[in-house]
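J.: Make a model of this:
(chains A and B)
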Amino acid sequence: MDAITRKVCIVGDFAVGKTSTIARFVHNVFSEKYLTTVGVKIDTRTLSLADGTDLKLVIWDIAGTDRFSAVEFSYLRGATGYLVVADGTRPHTVDVARRLIGEAGERYGEVPRVFLVNKADLEDDWDVSDETLAGLSGSGEQVFVTSAKTGANVDEAIRALAEMIGPQAA
Amino acid sequence: MLPSPVSDYLDRLEDGRAQPLVLLLDARDRVIESWGDAGALGLPPPQPGHAIDALEFIADLGASGNERLDCVDPGTGHAVDIHALPQAEGHRYVILLSAERERQLRAQVQQQANETRLLYQRQQKLVDRLVETRSELELRRRESEDALRVKGEFLASVSHEFRTPLTSVIGYADWLTSAMSDNEPARRQARAIARAGQHMVTLVDNILEEAKLENTEATVNADRVELLQLAEDLSAIMAPLAADKGVAFAAFLEPQDVPPVVLDEMRVRQILINLLGNAVKFTEDGFVQLTLSWVNGQLHAEVADSGPGIAEGDRQKIFSAFKRLEGAHRRGGAGLGLHITLRLVKLLGGSIGLDSTPGEGSRFHVRLPAPEAKEAAPDNPGSSGRLLIAEDDPDVIQLMDLFLSRAGFTLEFANDGREAIARLREGQHDLIILDLNMPVLGGIGAIEAIREAGYTGPAVAVTGATLDEERMRAIDAGFDAFVAKPVRMPELIATLRDLLKMQ
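T.: Purely as a prediction, here's the structure:
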């Protein structure tokens, strides 16, 4: 049986680790060097869901907000899920992520999503408080503290999203 | 030759670029026909009748009219702008134009800008942390000051608790020593009690002095001192301790007829007691010798012994707090004596030096200049007067009764400040002595009320707390003199006579 295909967009402020998260998830690699993303980069990976369904995720890695351009929201059209990423060493990126979710919701309605607070490996620099994380969870977000560098929780977060969007397509 | 809908469309593009890849796809995204070089965009050659996997993501593009997606990397490493032009029967033209050059240009600028912003954010975070650290340090500093203050108050309070009973211990032991002149064994036992009491006073003094030097801007007191009396007092304390160990003790004043001088007596005593106490403690046989002299307005004091001596490398160490040389632990003490001695010498503006030969002995020499001079008045032991004494400790009351009555004073006692005020109203008193720490009403509150009621005679404060602030508070409240516990009776009597003489 052919895999079900779903479009998933990964969004967040610049340099929060969106491209690194996808590189870890799709290719299981990590690079310390920061390379900005321009436009959008497409990657795919097929997962087996808990019910045995194969789900092909077409992941749109969308350039983060930067001083030259806002997020190109047209890229989000038709997405069935969002991976929302913030940087645990830069607390304001949590606010940026929340704002992006709000704007995407206004344009395309509510879409299933998971919230990744990335760079958990940078323990000494970690600056997002437990209260903030609890606040996110309390407002209904499914939050994962992840590290694209070590791979911690990356698979778990994206699989959680896949489970949320997979059965709808079955 | 491109199909006309495509060439018309491209003609209208402002940024029309050469060499597009054009695909005509059917309703199921299978290639019907293609134009251009797919390989130049990193894509495989289109196969008629087959879909292009890498372009799977554009399935919905153009569903509702002409549509475009800019700067897309479909996983080939080559960015393209994608345009979809819907046609009849669900067919679409899909035009792919290379956007790689533009992407690289934007990436270059964006990378630099983002790295700069990251750097700025990190810098801001460091500044924030610095500010936070500074305020934390400030908080810690304040906490530490509070802790020191509480420690000082605690030590002062403990000191008071020790000093009050020690007044009785030493006073009665002195009394017994003089009262039992015909019973030598009893005299020796009484002296032993006095010595032990004196040792405790030294310990309490050292600990308290350390707290005072840490906490406060210590002030120097100028007292009139008879050096001969000082030498005799120190002999009285040290000679029996030395005798117990079979060590010879001698104290000299050169010349013997030095007139009264001005010194901070309490601190000079403490310095010399510490040096002599150490000399006696560490000397197992031979001698300990004190020599005092007054030279050009300076006290020269030398404490020599025939003890084990101090090696060159240890001479700095002995002046550190709680640092004790090997073998010193079994001799008792807190390891504070020489540290405090050094600090006191510095406080008094003097100097201390040490000559020592290991195995032969040590010689500490101290130079202490006189503090601001005040005229030394001749003593008049004949004067007396009516005293009102407020003191809550019955042992101290009895002790004062013993000594002060014998000195010719007429005494009246009150148990607390309130009673003292009442008695003062009832009778005539030449001088009042108030313990600062009494139940019902303490000495400070009492003297304030007494002064307010119009009493102008001299008043002496007695307390176990000897912090300078306490002294200042007492003087500010209306006392004329301040005597620390354990009260040395000859000292108290001299103070009382001085004050009464001024009347």
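J.: Residue of chain A closest to chain B, please.
T.: Nearest residue of chain A to chain B, counting by CB to the nearest CB: residue A:39, 2.7 Å away. Every C-beta, even on glycine, is put in place using the N, C-alpha and C of the backbone.
J.: Name all residues that make contact with that residue.
T.: A:63, A:72, B:70-73, B:79, B:99, B:103 (CB atoms under 8 Å, 6 or more residues apart in numbering or on different chains).
J.: The same query, at a cut-off of 10 Å, please.
T.: Residue A:39 makes contact with A:61-63, A:69, A:72, A:75, B:69-73, B:79-81, B:99, B:102-103, B:106-107, according to CB atoms under 10 Å, 6 or more residues apart in numbering or on different chains.
J.: can you check residue A:31 too?
T.: Residue A:31 neighbours (CB under 10 Å, 6+ apart): A:19-20, A:23, A:148-149.
J.: got a winner among the residues you listed for most neighbours?
T.: residue A:148 (27 neighbours; other CB atoms under 10 Å in any protein chain shown).
J.: Give me the pLDDT for the nearest residue to it once chain neighbours are set aside.
T.: Closest residue to residue A:148 apart from its sequence neighbours, by CB to CB, 6 or more residues apart in numbering or on different chains: residue A:20 at 3.7 Å. pLDDT recorded at residue A:20 is 97.
J.: quick one: the helices in chain A?
T.: Shown for chain A, the helices assigned by DSSP state H span residues A:18-22, A:92-108, A:130-138, A:154-169.
J.: Looking at these, which one is packed in the most?
T.: Mean neighbour count (mean count of other CB atoms under 10 Å in any protein chain shown) peaks for helix A:18-22 among these, with a mean of 26.
J.: Chain neighbours aside, what residue packs nearest to residue B:270?
T.: Using CB to CB, 6+ apart, the nearest residue to residue B:270 is residue B:205, at 5.6 Å.
J.: what about the one you found, which helix or strand?
T.: helix B:184-215 (DSSP states H and E).
J.: same question, residue B:257
T.: Using DSSP H and E, residue B:257 falls outside every helix and strand.
J.: What are the phi and psi values at it?
T.: Dihedral angles of residue B:257 (phi, psi; degrees, to the nearest 10) stand at phi -100, psi 40.
J.: Now that it has come up, it's in contact with residue B:293, right?
T.: No: assessed by CB atoms under 10 Å, residue B:257 is found out of contact with residue B:293, at 12.0 Å.
J.: CA atoms only: put stretch B:112-130 into CSV for me.
T.: Provided in CSV are the C-alpha atoms of stretch B:112-130 (Å, rounded to 0.1, in the frame of the first residue of the first chain):
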residue,chain,number,x,y,z
GLN,B,112,25.9,38.1,7.9
ALA,B,113,22.9,40.0,9.3
ASN,B,114,21.6,37.1,11.3
GLU,B,115,25.1,36.3,12.7
THR,B,116,25.4,40.0,13.7
ARG,B,117,22.0,39.8,15.4
LEU,B,118,22.9,36.6,17.2
LEU,B,119,26.1,38.2,18.4
TYR,B,120,24.2,41.2,19.6
GLN,B,121,21.7,39.0,21.4
ARG,B,122,24.5,37.1,23.1
GLN,B,123,26.2,40.3,24.1
GLN,B,124,22.9,41.6,25.5
LYS,B,125,22.4,38.4,27.4
LEU,B,126,25.9,38.7,28.9
VAL,B,127,25.3,42.3,29.9
ASP,B,128,22.0,41.2,31.5
ARG,B,129,23.8,38.5,33.4
LEU,B,130,26.5,40.9,34.5
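J.: can that stretch be found next to chain A?
T.: Yes: Stretch B:112-130 reaches chain A (CB under 10 Å from any CB of the partner chain) through B:112-118, B:121-122, B:125, B:128-129.
J.: same question, stretch B:80-87
T.: Yes: counting by CB under 10 Å from any CB, chain A is contacted by stretch B:80-87 at B:80-81.
J.: ok, and for that stretch, which residues are buried?
T.: Of all the residues in stretch B:80-87, those buried under the rule 16 or more other CB atoms under 10 Å in any protein chain shown are B:80-85.
J.: what's the weakest-modelled helix or strand in chain B?
T.: Least confident helix or strand of chain B, by mean pLDDT, DSSP states H and E, is helix B:184-215 with a mean of 74.
J.: How far off centre is it?
T.: 26 Å (CA atoms, centre = their mean, to the nearest Å).
J.: Now do the buried residues in stretch B:387-405.
T.: Buried-residue list, stretch B:387-405, by 16+ other CB under 10 Å: B:387-393, B:396-397, B:399-400, B:402-404.
J.: what secondary structure does the residue nearest to the residue of chain A closest to chain B when sequence neighbours are not counted sit in?
T.: Spatial nearest neighbour of residue A:39, chain neighbours left out: residue B:71 (2.7 Å); criterion: CB to CB, 6+ apart. The three-state label given to residue B:71 by DSSP: H, G, I helix; E, B strand; the rest coil is strand.
J.: Was I right to think residue B:71 contacts residue B:102?
T.: Yes: with contact defined as CB under 10 Å, residue B:71 counts as touching residue B:102 (7.0 Å).
J.: Among those two, which residue is more densely surrounded?
T.: Taking neighbours as other CB under 10 Å, residue B:71 and residue B:102 compare with residue B:71 leading, 21 against 18.
J.: can you tell me which residues contact the more buried one?
T.: A:37-41, A:63, A:72, A:75, B:79-82, B:99-100, B:102-103, B:106.
J.: picking up where we left off before, same list (the buried residues of stretch B:387-405) but as a markdown table, adding secondary structure, pLDDT and distance to residue B:239.
T.: Shown next, in a markdown table, are the buried residues of stretch B:387-405 (DSSP: H, G, I helix; E, B strand; the rest coil; pLDDT from 0 to 100; distance: CB to CB, whole Å):
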| residue | secondary structure | pLDDT | distance to residue B:239 |
| --- | --- | --- | --- |
| B:387 | strand | 92 | 33 |
| B:388 | strand | 93 | 38 |
| B:389 | strand | 94 | 32 |
| B:390 | strand | 93 | 36 |
| B:391 | coil | 90 | 31 |
| B:392 | coil | 87 | 35 |
| B:393 | coil | 84 | 30 |
| B:396 | helix | 83 | 27 |
| B:397 | helix | 84 | 31 |
| B:399 | helix | 82 | 24 |
| B:400 | helix | 85 | 27 |
| B:402 | helix | 80 | 24 |
| B:403 | helix | 81 | 22 |
| B:404 | helix | 86 | 27 |
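J.: hmm, back to that, residue B:257 and residue B:293: which is more packed in?
T.: Ranked by neighbour count (other CB under 10 Å), residue B:257 and residue B:293 place residue B:293 first, with 15 against 6.
J.: Which neighbouring elements make contact with the helix or strand containing the more buried one?
T.: Secondary structure from DSSP H and E places residue B:293 in strand B:286-295. Here strand B:286-295 touches helix B:227-245, strand B:247-254, helix B:265-282, strand B:298-305, strand B:361-369, going by 3 or more CB pairs under 10 Å, 6 or more residues apart in numbering or on different chains; DSSP states H and E.
J.: To residue B:423, which of the ones you listed lies closest?
T.: Among those, helix B:265-282 comes nearest to residue B:423, with 30.6 Å by CB to CB.
J.: could you give the angle of that closest one to helix B:184-215?
T.: Counting by axes from the mean of the first three to the mean of the last three CA atoms, to 10 degrees, helix B:265-282 points 120 degrees away from the direction of helix B:184-215.
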